[in-house]
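Peer 1: take this sequence and fold it.
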Amino acid sequence: MTRTPKGAKLVVTFMATKTIIKPAKSPAAVGPYNHAVRVGDLLFCAGQIPIEPATGNLISGDIKAQTERVLENVKAILDDQKLTFANVVKSTVFMTNLGDFAAMNEVYAKYFTENFPARSTVQVAALPKGASVEIEVVAHF
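Peer 2: Have a look, this model is predicted:
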């Protein structure tokens, strides 16, 4: 066992490559960001809103329809990297109305079926393009 002398600083250098991920089957980004970034064995996915990839338009519909579209957009990113929802270790759900939580959670549970990730859900004043829900995830390879 090696010990660091008292008062000495331990310096650890981490040299992981940053890889930009832009899946062909995902809707275009609505701002200056990437769909995901891979660093080492982690994939950081940008928040996805209910945009239809074919048209680039926000879908209409209730929170269930919007959540399903959001999670399909997340799935496109995961699929591109040969990952599944089982690889997700953390998710953050942003909603404009927490009164819709149960309906959102019903759809969410169809995608995350076992070994659930850690999750935070927060209510926000507004989301891009007037969406009702946005979900971001961190996945592990």
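
Peer 1: contacts and neighbour counts: CA atoms only from here.
Peer 2: Will do.

Peer 1: tell me where this structure has strands.
Peer 2: 18-21, 36-39, 42-48, 88-95, 118-123, 133-140 (DSSP state E).

Peer 1: paired strands for the fourth one, with orientation please.
Peer 2: It stands for strand 88-95. Strand 88-95 has its sheet partners listed here by DSSP bridges as strand 118-123 (parallel), strand 133-140 (antiparallel).

Peer 1: returning to what we had before: just so I know, which of the strands of the chain lies nearest V74?
Peer 2: Ranking the strands of the chain by proximity to V74 (C-alpha to C-alpha) places strand 42-48 first, at 6.6 Å.

Peer 1: how distant is stretch 45-55 from the center of its chain?
Peer 2: Distance of stretch 45-55 from the chain centroid (C-alpha atoms, centre = their mean, to the nearest Å) equals 11 Å.

Peer 1: now stretch 66-80
Peer 2: Put simply, stretch 66-80 sits 9 Å off its chain's centre (C-alpha atoms, centre = their mean).

Peer 1: same question for stretch 23-37.
Peer 2: The answer for stretch 23-37 is 12 Å, by C-alpha atoms, centre = their mean.

Peer 1: endpoints of it, how far apart?
Peer 2: End-to-end distance for stretch 23-37, by C-alpha to C-alpha, to the nearest Å: 11 Å.

Peer 1: try stretch 122-138
Peer 2: End to end - C-alpha to C-alpha - stretch 122-138 spans 17 Å.

Peer 1: how near is the nearest residue to F112 once chain neighbours are set aside to M95?
Peer 2: What sits nearest to F112 in space, not counting adjacent residues and going by C-alpha to C-alpha, 6 or more residues apart in numbering, is F85, at 6.0 Å. Distance from F85 to M95, counting by C-alpha to C-alpha: 20 Å.

Peer 1: give me the more crowded residue out of those two.
Peer 2: M95 (24 against 20; other C-alpha atoms under 10 Å).

Peer 1: distance of the more buried one from G47?
Peer 2: Distance of M95 to G47, computed by C-alpha to C-alpha: 12 Å.

Peer 1: which residues do those two both contact?
Peer 2: Counting by C-alpha atoms under 8 Å, 6 or more residues apart in numbering, the residues touching both M95 and G47 are E134.

Peer 1: can you pull the buried residues of stretch 110-124?
Peer 2: Neighbour-count burial for stretch 110-124 flags 111-112, 116-117 (criterion: 16 or more other C-alpha atoms under 10 Å).
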